[in-house]
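Asker: Predicted model, plus sequence, below.
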Amino acid sequence: MGTNPRVLIWNEYLHEIENEEVAGLYPNGIHGTLAEAFAERGGFDVQTATLREANHGVTPERLAETDVMLWWGHKAHAEVADETAIMVQEAVLSGMGLVVLHSGHMSKPFKRLMGTHGTLRWREADEKERLWNLRPDHPILEGVPEYVELAQEEMYGERFDIPEPDELLMMSWFQGGEVFRSVCTWRRGLGRVVYVRPGHETYPTYHDPMIRRIVVQAAAWATARVRQDASRCPNTTSFEPVPNPTKEHII
Ligand code: ZN
């Protein structure tokens, strides 16, 4: 405890329950496998939450005690309550970090924070993905070589409907010929948002040491630096004398 970043891993947790192949790869859920990656690295206090828990496991109190949240969702984005998505968005604007994984590109919190559709082209064809490291100087890519190869992944291709990233850290090439902006960062209010592409549920991607490294380092980078409610515009008295200090605001 103490100064460790407090991590909340949110997972839809449906594929792992409903599909044997996915259950074989992620017997404790994708959230369980990601939690192991943080434990392996050490220095994080990790909790998990899933869609079908009460309030999806997300309350304002819980988010107030979260420094960085991870979000994996796919087939049930619509089941996530709008209030939950707004809660996550507000937490980010007040300083919480958010790492959006793979099919989270269409999740409600990500779309709210980006203001775009988050759409892309895709294909499931067991093809090779090569992620190129564009920013070896960046803390998220510390220890990551020139490129990372995944023998089989789902293809995501451009155009990815996102606002221009503040930082583009990795670019993917796929065997079938497409390219994709795979690791991107944005600042939103006082918070940091990272998108990390790989992680389709029918592949062992979250067991790959390099992908685990990137996800954990993305969370470390996005961890809240401050937490401050920025939702109000205060009417304030002046520091120095002003001509008409008691002037009424005319509505
Ligand atoms: Zn997928």
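Answerer: Okay, I see it.

Asker: Touching stretch 17-27 from outside, list them.
Answerer: Residues external to stretch 17-27 that are found in contact with it (Cβ atoms under 8 Å, 6 or more residues apart in numbering): 15-16, 32-33, 201-204, 206-207. For glycine as for every other residue, the C-beta is placed from the backbone atoms N, C-alpha and C.

Asker: cutoff 10 Å now
Answerer: Stretch 17-27 has contacts (Cβ atoms under 10 Å, 6 or more residues apart in numbering) with 11, 13-16, 29-30, 32-34, 50, 52, 75, 200-207.

Asker: Show the buried residues in those residues.
Answerer: Listed as buried from the contacts of stretch 17-27 are 11, 13-16, 29-30, 32-34, 50, 200-203, 205-206; burial here means 16 or more other Cβ atoms under 10 Å.

Asker: coming back round to it: among the contacts of stretch 17-27, which ones lie close to the ion?
Answerer: residue 200 (Cβ under 5 Å from the ion).

Asker: residue contacts, the residue in the chain positioned nearest to the ion?
Answerer: Nearest residue of the chain to the ion (Cβ to the ion) works out as residue 200 at 3.5 Å. By Cβ under 10 Å, 6+ apart, the residues touching residue 200 are 15, 22, 74, 102-103, 122, 124, 129, 150, 152-156, 206.

Asker: residue ranges for the helices of the chain, please.
Answerer: Per DSSP state H, the chain carries helices over the ranges 15-18, 20-25, 29-41, 60-64, 82-93, 108-114, 209-222.

Asker: could I get these as CSV with mean pLDDT and distance to residue 162?
Answerer: Shown next, in CSV, are the helices of the chain (pLDDT from 0 to 100; distance: least, Cβ to Cβ, whole Å):
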stretch, mean pLDDT, distance to residue 162
helix 15-18, 97, 24
helix 20-25, 98, 27
helix 29-41, 98, 22
helix 60-64, 97, 23
helix 82-93, 98, 15
helix 108-114, 98, 6
helix 209-222, 98, 16
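
Asker: wait, which of the ones you listed is closest to residue 243?
Answerer: Nearest of the helices of the chain to residue 243, taken as Cβ to Cβ: helix 82-93 at 34.6 Å.

Asker: What is the neighbour count of the residue nearest to residue 57 when sequence neighbours are not counted?
Answerer: If you skip the residues right next to it in sequence, residue 57 has residue 49 as its closest partner in space, 2.7 Å away by Cβ to Cβ, 6 or more residues apart in numbering. By the measure other Cβ atoms under 10 Å, the count of residues near residue 49 is 21.

Asker: ok, what's across the strand from residue 49?
Answerer: Beta bridges link residue 49 to residue 10, judged by DSSP bridges.

Asker: Mind pulling up the pLDDT for it?
Answerer: Looking at residue 49, its pLDDT reads 98.

Asker: Distance of it relative to residue 5?
Answerer: 16 Å (Cβ to Cβ, to the nearest Å).
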